[in-house]
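[1] Below is the sequence, then the predicted model.
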Amino acid sequence: MSLREEFPIFKSKTYINSCSYGALSYDVRAAYEQYLNDRDEHGSHWEHWVEMLEDMRGRVASLLNADIDEMALTSSLSEGLNALASSLTYTPERNKIVITDYDFPTTAQIWFAQEKRGANVVQVAEDKEQKLLPLSGFEKEIDDSTLLVSIPYVCYRNGSTQDLEPIIKLARKHGALVFVDCYQAVGAIPVDVKALDVDFIAGGMLKYLLSTAGTGYLYVRDSLIQKLQPTTSGWFSQRDIHAMDHTKNDPSPTARRFESGTPNVANVYAAIAGLKIVEGLGVANIQTEVSEIISAIKTRALENDFKLGIDQKRHSPMVTLQSNDMYGLVTKLGEDNIVTSCRDGNLRVSPHFYNNMDDVDRLFESLNKNRGLMV
Ligand SMILES: Cc1ncc(COP(=O)(O)O)c(C=O)c1O
């Protein structure tokens, strides 16, 4: 069986929507069944479940080139970021949080929520002409009062991939911390926390990591963990979960201090199954396959006189095409059994390793049929 055949949705659909949700594999389905079977067999199986949680933690750490103790497992990116934001101290001398026009709403909202605690949130504006976040915007905003710079690696609206290196260098020059939202990247393009020299990253499992909603992760650089004490807490964030001490809060010396309560155990089974598929292929190989498909889509778009959502050099791993009726277009493609999504006037096409050139052919056949909905 080829790997594509491991994803039953391809029997009936051309699924090119991994930026929204990765396709469901037989393995991930079997992992959920295994959870239910384990419950039938054991009732409660906590020792095994905690081992599985640590297995998942180790796999996410390896994927990001992080140490296992630098990883918190969360129910969502938002949960991890809320815990992180709560652990920062906003002083009048250093309280600026630099976010961007390309932030997913949740990251912006979480930073704005810190204004109550003294944060001063500023937003780097998009260059609307060039459709990118200009480095000059970061140069203007990042200064010695900057506590943290928060950047999305890949913009969920248009697929723009940020060149992180100069921004991180700038932040370092001013003594600022750096958080990167990697949700739209991890699993499809290599992300190495050490090579990036980043302080925090967060993401989740449901897109290019192929498993499920309701599970995320937060990476915290080792040297910062002990200095940051979140005001969020819970028994899974304690130094010793088994202490069951209700007389104090004793946060773990590892990034587990950013966790809180009982993890979603069923999701841990699913997450491990999804991670194993990605590990089996290797993210670098996935990137190569995905870029070939992305290149083909871009070439065909230009040949057909369709407009790309952004300058084509910076697409990865999502490509966007401009539409004058994005919801109408997604519906029309859906009528041809092609699953895509849209944001901000753009059709989002987001292949993964399971897509192929036949999918691209079917997409363009349908787009041509619906040319009236393209810009
Ligand atoms: C770039 C990005 N960040 C954050 C999120 C949301 O994360 P969560 O719902 O896990 O908090 C998404 C969801 O699509 C996303 O695409």
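    The structure has been received and is ready for your questions.

[2] now the helices for this structure?
    26-42, 46-64, 77-87, 105-113, 135-141, 164-173, 193-196, 222-225, 265-281, 283-303, 326-335, 357-369 (DSSP state H).

[3] which strands and helices sit next to the fifth one?
    Under the contact criterion of 3 or more CB pairs under 8 Å, 6 or more residues apart in numbering; DSSP states H and E, helix 135-141 touches strand 96-100, strand 120-124, helix 164-173. Using the backbone N, CA and C atoms, a C-beta is placed for each residue, glycine as well.

[4] Buried ones in the longest strand seen in the chain, by neighbour count?
    Counting residues, the longest strand in the chain under DSSP state E turns out to be strand 146-152. Of all the residues in strand 146-152, those buried under the rule 16 or more other CB atoms under 10 Å are 146, 147, 148, 149, 150, 151, 152.

[5] Just the pLDDT for the second one.
    Residue-level confidence at residue 147 comes out at 98, pLDDT.

[6] Specify the beta-bridge partners of residue 308.
    As for beta bridges, residue 308 partners with residue 321 under DSSP bridges.

[7] check contacts around it.
    Contact partners of residue 308, counting by CB atoms under 8 Å, 6 or more residues apart in numbering, are 298, 301, 302, 315, 319, 320, 321, 322.

[8] ok so, going back, just the helices of the chain: most buried one?
    Ranked by mean neighbour count under mean count of other CB atoms under 10 Å, the helices of the chain are led by helix 77-87, which reaches a mean of 23.

[9] what is the mean pLDDT for it?
    98.

[10] So which elements touch that helix?
    strand 71-74, helix 105-113, strand 177-181, strand 200-204, strand 216-220.

[11] per-residue confidence averaged over the shortest one?
    It refers to strand 71-74. Strand 71-74 comes out at a mean pLDDT of 98.

[12] Which strands or helices does that strand pack on?
    helix 46-64, helix 77-87, strand 216-220.

[13] Kindly reformat the ones you listed as TSV and extend each row with distance to the ligand.
    Below are the helices and strands packed on strand 71-74 laid out as TSV (distance: least, CB to the nearest ligand atom, whole Å):
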stretch	distance to the ligand
helix 46-64	14
helix 77-87	3
strand 216-220	5
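
[14] Compare those and report which one is nearest to residue 248.
    helix 77-87 (17.6 Å; CB to CB).

[15] Tell me what angle that closest one forms with strand 146-152.
    170 degrees (axes from the mean of the first three to the mean of the last three CA atoms, to 10 degrees).

[16] Pick the one among the contacts of residue 308 closest to the ligand.
    The ligand has its nearest neighbour among these in residue 320, at 13.6 Å by CB to the nearest ligand atom.

[17] Could you measure from the nearest residue to the closest one once chain neighbours are set aside over to residue 135?
    In space, and not counting its chain neighbours, residue 320 is closest to residue 309: 2.8 Å by CB to CB, 6 or more residues apart in numbering. Going from residue 309 to residue 135 by CB to CB, to the nearest Å gives 21 Å.
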